[in-house]
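Novice: here's a sequence, model it:
(chains A and B)
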Amino acid sequence: EAGVAQSPRYKIIEKRQSVAFWCNPISGHATLYWYQQILGQGPKLLIQFQNNGVVDDSQLPKDRFSAERLKGVDSTLKIQPAKLEDSAVYLCASSQGGFVETQYFGPGTRLLVL
Amino acid sequence: GQNIDQPTEMTATEGAIVQINCTYQTSGFNGLFWYQQHAGEAPTFLSYNVLDGLEEKGRFSSFLSRSKGYSYLLLKELQMKDSASYLCAVTGGGGADGLTFGKGTHLIIQP
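Specialist: Next up is the predicted model:
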């Protein structure tokens, strides 16, 4: 079974530029999550989708971050404009969508904002 | 609010046993997860506890006490490859089950 796929794996941009990340969850997984992991910290949830609907985006900085999950499968996370403090690893995870289901993480996208 | 505490760093010897503690104070609780994360890699699932007690999976065991807001991860027969960060995470509250993570415990295994 294929795992969670993410691209690109690495991205370097200058502040105020825009960037987008893509995630393809495990086949059949209804729930998809985006996390931000700053160096030396645990991952922080940004947004959770159940199929193509948003369940929780309370920690998403909506003035610059946006995410969508069209058709309830793939998802994109966008930052516009980027700030220096956005430098982090952006992790996508998916789960089957039941009660207390295990989340499986993709390899992440490492973003460096200069 | 959500608060999850775990030690920043621990050192142990190859072949020995180590216990990594985690305490949590969260507004909701449905379950507690442990993940392993090697440097530069994604977190990988180790175990989870929903009810009080001990869950054993090979060399790894995890314990939960909901009344005390406390969990530990026990690693036996330590191997050099166990050098990694161990993340404690809690899920809970309504229909949203995103994980709230601690900062992670960096475990160093010495020969």
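Novice: is chain B within reach of the helix or strand hosting A:Gln48?
Specialist: According to DSSP states H and E, A:Gln48 maps onto strand A:44-50. Yes. Counting by C-beta under 8 Å from any C-beta of the partner chain, chain B has neighbours in strand A:44-50: A:Lys44, A:Leu45, A:Gln48, A:Gln50. Yep, even glycine has a C-beta here, placed from its N, CA and C like the rest.
Novice: neighbouring strands of that strand in the sheet, and parallel or not?
Specialist: Sheet pairing for strand A:44-50, assigned by DSSP bridges, gives strand A:31-37 (antiparallel), strand A:53-56 (antiparallel).
Novice: quick revisit: most surrounded residue in the residues of strand A:44-50 next to chain B?
Specialist: Using other C-beta atoms under 10 Å in any protein chain shown as the neighbour criterion, A:Gln48 leads the residues of strand A:44-50 next to chain B with 27 neighbours.
Novice: could you find the closest non-adjacent residue to the closest residue to chain A within chain B?
Specialist: Relative to chain A, the nearest point of chain B is B:Phe101 (3.1 Å; C-beta to the nearest C-beta). In space, and not counting its chain neighbours, B:Phe101 is closest to A:Gly42: 3.1 Å by C-beta to C-beta, 6 or more residues apart in numbering or on different chains.
Novice: for the one you found, what are phi and psi?
Specialist: phi -80, psi 160 (degrees, to the nearest 10).
Novice: against B:Thr105, how distant is it?
Specialist: Counting by C-beta to C-beta, to the nearest Å, the separation of A:Gly42 from B:Thr105 is 10 Å.
Novice: what's across from A:Lys44 in the sheet?
Specialist: Beta-bridge partners for A:Lys44, by DSSP bridges, are A:Gln36.
Novice: where in chain A is pLDDT low?
Specialist: Counting by pLDDT under 70, the ranges of chain A that qualify are A:1.
Novice: dump stretch A:11-25 to CSV, keeping only the CA atoms.
Specialist: C-alpha atoms of stretch A:11-25 as CSV (Å, rounded to 0.1, in the frame of the first residue of the first chain):
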residue,chain,number,x,y,z
LYS,A,11,11.6,24.7,-1.4
ILE,A,12,13.6,27.9,-0.9
ILE,A,13,11.8,31.2,-1.5
GLU,A,14,12.3,34.8,-0.5
LYS,A,15,10.0,36.5,2.0
ARG,A,16,6.8,37.9,0.4
GLN,A,17,6.8,35.3,-2.3
SER,A,18,4.1,32.7,-2.6
VAL,A,19,4.5,28.9,-2.3
ALA,A,20,2.2,25.9,-2.6
PHE,A,21,2.5,22.3,-1.3
TRP,A,22,0.7,19.2,-2.6
CYS,A,23,-0.4,16.1,-0.7
ASN,A,24,-1.9,12.8,-1.9
PRO,A,25,-3.2,10.8,1.1
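Novice: report the distance from that stretch to the chain centre.
Specialist: Put simply, stretch A:11-25 sits 10 Å off its chain's centre (C-alpha atoms, centre = their mean, to the nearest Å).
Novice: out of the residues of strand A:44-50 next to chain B, which comes closest to chain B?
Specialist: Nearest to chain B among the residues of strand A:44-50 next to chain B, counting by C-beta to the nearest C-beta, is A:Leu45 at 3.8 Å.
Novice: in contact with the closest one, which residues?
Specialist: A:Tyr33, A:Trp34, A:Tyr35, A:Asp56, A:Gln59, B:Gly98, B:Leu99, B:Thr100 (C-beta atoms under 8 Å, 6 or more residues apart in numbering or on different chains).
Novice: right, I'll call it a day here.
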